[in-house]
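Participant: here is the input, now give the coordinates:
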Amino acid sequence: MSNLDPRPTEIECEPGGAPNGPQRGGASVEIITSRDVPLGGPRAMTVRRTLPQRQRSLIGAFCFVDHYGPDDVSLSGGMDIPSHPHTGLQTVSWLFEGNVTHHDSGDNHAVVRPGELNLMTSGAGICHTEVSTQDTTVLHGVQLWAVLPDEHRESSGRRFDHYVPEPVRVDGGSVRVFMGSLLGSSSSVATFSPLVAAEILLDPGAELRLDVDPEFEHGLLVDTGDLTLEGVTVAPAHLAYTGVGETTLTIRNSGTTTGRAVLIGGTPFEEEIIMWWNFIGRTHDEIAHYREQWEAESERFGRVDGYIGHDPQGLTRLPAPTLPNTTLRPRVNPHPRAQTQPYHQEAD
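Facilitator: Modelled structure (predicted):
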């Protein structure tokens, strides 16, 4: 998915890690609210974005969390994102309802379906398209981005991985682990730093106690239901954050309908990065060079074959926004410990 903000926020993230290593104790919970971001024109679908923002920019190597739907595509227009570039990341597509076609410049072509992970690795540069299929009536899911460490971002190549996790049955629910390992289930897809991601379904009244890696920080994105994390209510579309040092996390469904959430996590990312539009780099000049290369249709990104958009007169390739007139500003990511005081978000 593309970041279609006309004035994308520039973010420089400092290295993570608790100052004295993992710390033990009960899990504090920090609530990260979402903001609505339209993807495209007048009939564009809207996504709810929790990462990145001023409050927190990274959870592990996850730097971007978009949550969308359930959308009636006859009203929202569905997903129709022309060719757009990425550098230095992996895109994680996970659907609850609907189907999306994917084409990229690594000559990978696929249909993204519910319950099936599709993971695209950009390497030094890739471009791709995403379009909801003609038979999709409701579109509902999440997309995540994960940063590639410096040692892999130029050498990992353009890759596309597909994985269908088997559900792990737990008392009162099920868990599908689509990245990393949890509950004895491990994903087969390759990541370049320690990560975990899983869809959790909980019946009304059910409680799930998860053993987690204390080296990881975690985020719980609630999709539906009256869910709590460590006794703290997490509203739908909000992301609940817990820092490193926790060995267990308890999720409970206190409502009368099935609850669904996505758990993400990883070791704090130990490198400074700059995010702007669809690019992840290390310096302002590097980001500016990526933009220049995309506008010049450089071979860094290649080209996409097979894109058929919903609008025959629409764009086939997204132009890059204009860079700000100043050097991209630093954005400090807090230490990986939950901040429990309310955060007052400023306008970007």
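Participant: quick check: buried residues in stretch 263-275?
Facilitator: Neighbour-count burial for stretch 263-275 flags 263-269, 271, 273-275 (criterion: 16 or more other CB atoms under 10 Å). In this view, the C-beta of every residue, glycine as well, is placed from N, C-alpha and C.
Participant: oh sorry, the question was meant for stretch 160-178
Facilitator: Buried residues in stretch 160-178, counting neighbours by 16+ other CB under 10 Å, are found at 160-162, 165, 168, 170, 172-173, 175-178.
Participant: what's the closest of the buried residues of stretch 263-275 to Ala296?
Facilitator: When the buried residues of stretch 263-275 are compared for distance to Ala296 (CB to CB), Ile274 wins out at 20.8 Å.
Participant: element containing that closest one, please.
Facilitator: Using DSSP states H and E, Ile274 falls within strand 273-276.
Participant: ok, back up a step: from the buried residues of stretch 160-178, which is closest to Arg331?
Facilitator: Phe178 (28.2 Å).
Participant: mean confidence for the strand holding Ile274?
Facilitator: Here strand 273-276 scores 94 as its mean pLDDT.
Participant: just checking, what packs against it?
Facilitator: Counting contacts by 3 or more CB pairs under 8 Å, 6 or more residues apart in numbering; DSSP states H and E, strand 273-276 packs against strand 11-13, strand 62-72, strand 279-281, helix 284-295.
Participant: mean neighbour count and mean pLDDT added to those, as TSV?
Facilitator: TSV is the format used below for the helices and strands packed on strand 273-276 (neighbours: other CB atoms under 10 Å; pLDDT from 0 to 100):
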stretch	mean neighbour count	mean pLDDT
strand 11-13	22	45
strand 62-72	22	97
strand 279-281	24	96
helix 284-295	18	97
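Participant: between the ones you listed, which gets nearest to Ser186?
Facilitator: That would be strand 62-72 among the helices and strands packed on strand 273-276, by CB to CB, at 18.3 Å.
Participant: contacts made by the next helix-or-strand element following that closest one with the rest, please.
Facilitator: As assigned by DSSP H and E, the chain's next helix or strand after strand 62-72 is helix 73-76. The contact list for helix 73-76 (CB atoms under 8 Å, 6 or more residues apart in numbering) reads 43-46, 98, 132, 136-139.
Participant: how about those residues in JSON lines, adding neighbour count?
Facilitator: Below are the contacts of helix 73-76 laid out as JSON lines (neighbours: other CB atoms under 10 Å):
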{"residue": "Arg43", "neighbour count": "15"}
{"residue": "Ala44", "neighbour count": "17"}
{"residue": "Met45", "neighbour count": "21"}
{"residue": "Thr46", "neighbour count": "14"}
{"residue": "Gly98", "neighbour count": "24"}
{"residue": "Ser132", "neighbour count": "25"}
{"residue": "Thr136", "neighbour count": "19"}
{"residue": "Thr137", "neighbour count": "13"}
{"residue": "Val138", "neighbour count": "16"}
{"residue": "Leu139", "neighbour count": "24"}
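Participant: just to be sure, which of the residues you listed are found in strands?
Facilitator: 45-46, 132, 138-139 (DSSP state E).
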